[in-house]
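Trainee: have a look at this fold, sequence not included:
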């Protein structure tokens with residue numbers, strides 16, 4: 001099973017990529033949370049510090065996750081299951097003025 005992850009701003013700099021394809025076994029239940037764990041293993045400290053709150057160990061609340069353009073928060077949040085071919089976009093906070 002393949003899932004693509006799209007990176008923006010800081011994460012694009014950390015990973016050196018705009019997009020990455022991750023492969024998982026067909027029997028594995030793949031969630032947003034599992035994808036983030038895999039990416040943290042691959043990209044290490046800088047990625048981990050951007051995604052996770054160091055004190056709580058939780059995903060930082062300012063990040064948004066879109067699955068095929070739909071907000072994961074409107075589905076099951078970090079527990080949202082992904083299917084083969086899905087695209088997960090990790091979006092930074094958006095400022096305006």
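Mentor: Thanks, I have it. Predicted model only: the values in this text are computed from it and were never measured.

Trainee: give the rounded mean pLDDT of the top helix by length along the chain.
Mentor: As assigned by DSSP state H, the longest helix anywhere in the chain is helix 32-51. If you average the pLDDT over helix 32-51, you get 96.

Trainee: can you give the contact residues for the helix or strand just after that helix?
Mentor: Next in sequence after helix 32-51, counting helices and strands by DSSP states H and E, comes strand 64-67. For strand 64-67, contacts defined as Cβ atoms under 8 Å, 6 or more residues apart in numbering pick out 32, 71-73, 75, 78, 80, 82, 86-91. All C-beta atoms are positioned from the backbone trio N, CA, C, and that covers glycine.

Trainee: at 10 Å what do you get?
Mentor: Applying Cβ atoms under 10 Å, 6 or more residues apart in numbering, the contact partners of strand 64-67 are 3, 5-6, 32-33, 35-36, 59, 71-75, 77-78, 80-83, 86-94.

Trainee: pull out the buried residues from that strand.
Mentor: Buried positions in strand 64-67, judged by neighbour count with 16 or more other Cβ atoms under 10 Å: 65-67.
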